[in-house]
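**Student:** Sequence and predicted structure, then a few things I'm wondering about:
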Amino acid sequence: MIGKVSAPRGTRVEPLIRYLFGPGRHEEHTDAHIVAGWRHPAELEPPLRPDGRRGFRRLNGLLNQPHAALGPRGFDRPVWHCALRAAPGDRILSDDECAQIACDVMHRTGLAPYGEEDDAVRWIAVRHADDHIHLVAMLARQDGRRPNLWHDYYRIREACQAAEQRYGLRATAPADRTAARRPTRAEHEKARRRGRAEPARVTLRRHVATAAAAATSEPDFFARLRRSGVLVRTRFSTRNPGEITGYAVALPGDTTAASGPVWYSGGKLAPDLTLPKLRHRWHHAGHHPPGPPGPHLTWAERDAIWQHAAHTATTAADDIRRLAATDPAAAADAAWAASDILHTAAAALGNRTLRRAADAYGRAARPPYARIPRPTPAGTGLRRTARLFSALGTVSHDPSMAAITLVIRLAALAETVADLRRAQRHAAQAAAARTAAERLRSLTHPPPKPSSPPPRPPASRPTRPRTVADLVSLDFPYPPGTQAPPRPSQNTTGPSRRARPVRPSNTPPHGRGRAR
């Protein structure tokens, strides 16, 4: 079961109530009714008017009373809306079961705890389909206080998991804060209008992750971002004007309605791309000067880098496999560092599938709940190897077999991390690692190209009949009493000509005249 809170919150509850009890955008709402609320559902159900429509005046008035009593102390956007949906393959829940889930959500979020029905917020749960319900609450307590919405997203996730266990629904992953923020629908539509293959948020996340993996210090990180064509804006401390406390990035050409760039902070891109976490990574990785640029490296030096990277990936996979049974927390650093080598290898090879594999692996690499794992030799070795790729440049035409070997070892490393996350019962991270491994395997085993069919001989253009004799010859290709000439044998040296089949004697001839 998945719960989604609508953002931003609404200012008026009346349009939302009309929509929930209405026919829907595509006539998908059927039998809309209240299954739970701060009072008994029978007391809150909107009555039917003589014209067959529902009357919402009493329900809207009851919901708005506590917020009107708060006056200027109330929220500017007091309408809280949450949708709870079950998986398509799950069984249909009854109204009583939906009511228990709704009450549990309101209790866990703190909006309407058990036993405080007369003091907490006023809310209702509307069901107009078999697979989901809608929770609507006004953010104003009846005792005159403002409710606390601290981490309501995570409390809803806990309530959904409890409902899955209680009613035997499909299990979903917990909210462990490892998922990066997905692009919104507006960002997808904006990218489609401007002809981009992906939203700006995804492109910026890849640029920042690659620059962070190849950088050795904070100035080097910002310099690499600017060289990649990304706009960078730093935020300075108010107490110490010379101290940088954060950063934001933007793509050239991605502008707002006011023609200004659309900025994304590191935390808006991914949980592990904030400046404090990047500083922690560089501090434990040590400061090593970057190698020479790619054109100054010989083929032997490049091949040595690929071989060293493959050996490092194998060593890290062995360490993760060894620590998974005894100390899974010690293997978290190597799993986190594997993302760096994937991003830098994708930048060096310039392969789109490898970039997609690195993007998919990002969630599997992040430690749950934004914890920073303690450094290990395996993780340090992977990060040092990732910085070596910054010396290669783009070598998409490198024919070295060591690069293919590295991809195979990285696929094995991703599969090992998937086993680790599965043992830790982190389903979403395990699925991300498996997806990355499948995409890496597809690079080593490309699908066979379909064989092209033999060219067809050009079709001869039929001759249009011009006289009556030509029409007769079309209906009767052979004179009466004669047979079609025999088909030429295979050893005939002359050009072969397809013979017409002989019409049986009992078959009536076609009618005379122009064919219709």
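**Tutor:** That came through, no problem. Numbers count the residues shown, from 1 in each chain.
**Student:** residue boundaries of the helices in the stretch 351-500 of the chain?
**Tutor:** Along the stretch 351-500 of the chain, counting by DSSP state H, counting those that start in this stretch, helices occupy 352-365, 377-388, 401-423, 427-444, 468-475.
**Student:** other SSEs contacting the first one?
**Tutor:** Contacting helix 352-365 under the criterion 3 or more Cβ pairs under 8 Å, 6 or more residues apart in numbering; DSSP states H and E are the following elements: helix 200-214, helix 332-349, helix 401-423, helix 427-444. Bear in mind the C-beta positions are built from the backbone N, C-alpha and C, glycine included.
**Student:** and those, which is most packed in?
**Tutor:** helix 332-349 (a mean of 27; mean count of other Cβ atoms under 10 Å).
**Student:** packing partners for it?
**Tutor:** helix 200-214, helix 299-326, helix 352-365, helix 377-388, helix 401-423.
**Student:** rewinding a little: can you list the helices and strands packed on helix 352-365 in a markdown table and add distance to Tyr154 and mean pLDDT?
**Tutor:** Shown next, in a markdown table, are these (distance: least, Cβ to Cβ, whole Å; pLDDT from 0 to 100):
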| stretch | distance to Tyr154 | mean pLDDT |
| --- | --- | --- |
| helix 200-214 | 22 | 93 |
| helix 332-349 | 21 | 89 |
| helix 401-423 | 20 | 89 |
| helix 427-444 | 14 | 90 |
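**Student:** Pipe those into TSV and attach distance to Arg39 per row.
**Tutor:** Output for the helices and strands packed on helix 352-365, formatted as TSV (distance: least, Cβ to Cβ, whole Å):
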stretch	distance to Arg39
helix 200-214	43
helix 332-349	48
helix 401-423	45
helix 427-444	38
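**Student:** how much space between the nearest residue to Arg409 once chain neighbours are set aside and Arg374?
**Tutor:** Spatial nearest neighbour of Arg409, excluding adjacent residues (Cβ to Cβ, 6 or more residues apart in numbering): Ala313 at 4.1 Å. Distance, Ala313 to Arg374, using Cβ to Cβ, to the nearest Å: 21 Å.
**Student:** who's more crowded, those two?
**Tutor:** Per other Cβ atoms under 10 Å, whichever of Ala313 and Arg374 has more neighbours is Ala313, with 30 against 11.
**Student:** Could I get the contacting residues of the more buried one?
**Tutor:** Ala338, Ile341, Leu382, Leu406, Arg409, Leu410, Ala412, Leu413 (Cβ atoms under 8 Å, 6 or more residues apart in numbering).
**Student:** How about Ala334?
**Tutor:** Applying Cβ under 8 Å, 6+ apart to Ala334 gives the contacts Ala316, Asp319, Ile320, Thr376, Ala378, Gly379, Leu382.
**Student:** now do Asp104
**Tutor:** Contacts of Asp104 (Cβ under 8 Å, 6+ apart): Ala159, Ala162, Ala163.
**Student:** Now restrict those to buried residues only.
**Tutor:** Ala159, Ala163 (16 or more other Cβ atoms under 10 Å).
**Student:** Name the residue closest to the centre of the chain, please.
**Tutor:** With distances taken as Cα atoms, centre = their mean, the residue of the chain nearest its centroid is Arg182 (6.6 Å).
**Student:** and Arg281, that one's in a strand?
**Tutor:** No. Judged by DSSP: H, G, I helix; E, B strand; the rest coil, Arg281 forms no part of a strand; its state is helix.
**Student:** Let me know whether it touches Leu382 as I believe.
**Tutor:** No. Assessed by Cβ atoms under 8 Å, Arg281 is found out of contact with Leu382, at 11.5 Å.
**Student:** quick one, which of the two is more surrounded?
**Tutor:** A direct count of neighbours by other Cβ under 10 Å for Arg281 and Leu382 places Leu382 higher, at 28 against 20.
**Student:** wait, isn't that one in contact with Asp340?
**Tutor:** Yes. Contact status for Leu382 versus Asp340: in contact at 6.4 Å, counting by Cβ under 8 Å.
**Student:** and for stretch 418-428, what are the contacting residues?
**Tutor:** 171-173, 176, 178-179, 320-321, 324-325, 328, 331, 335, 363-364, 368, 429-430, 433-434, 437.
**Student:** how far is that stretch from where the chain is centred?
**Tutor:** 19 Å (Cα atoms, centre = their mean, to the nearest Å).
**Student:** Quote the end-to-end distance of it.
**Tutor:** 10 Å (Cα to Cα, to the nearest Å).
**Student:** With stretch 83-102 instead?
**Tutor:** 10 Å.
**Student:** Give me the buried stretch members for that stretch, please.
**Tutor:** Applying 16+ other Cβ under 10 Å to stretch 83-102 flags Leu84, Arg85, Ala86, Leu93, Cys98, Ala99, Gln100, Ile101, Ala102 as buried.
**Student:** any idea how far Cys82 is from the last one?
**Tutor:** Taking Cβ to Cβ as the measure, Ala102 and Cys82 are separated by 9 Å.
**Student:** what sits in contact with each of these two?
**Tutor:** Leu135.
**Student:** picking that back up, kindly reformat the contacts of Ala313 as TSV and extend each row with distance to Val35.
**Tutor:** What follows is those, written out as TSV (distance: Cβ to Cβ, whole Å):
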residue	distance to Val35
Ala338	47
Ile341	51
Leu382	52
Leu406	56
Arg409	54
Leu410	50
Ala412	50
Leu413	48
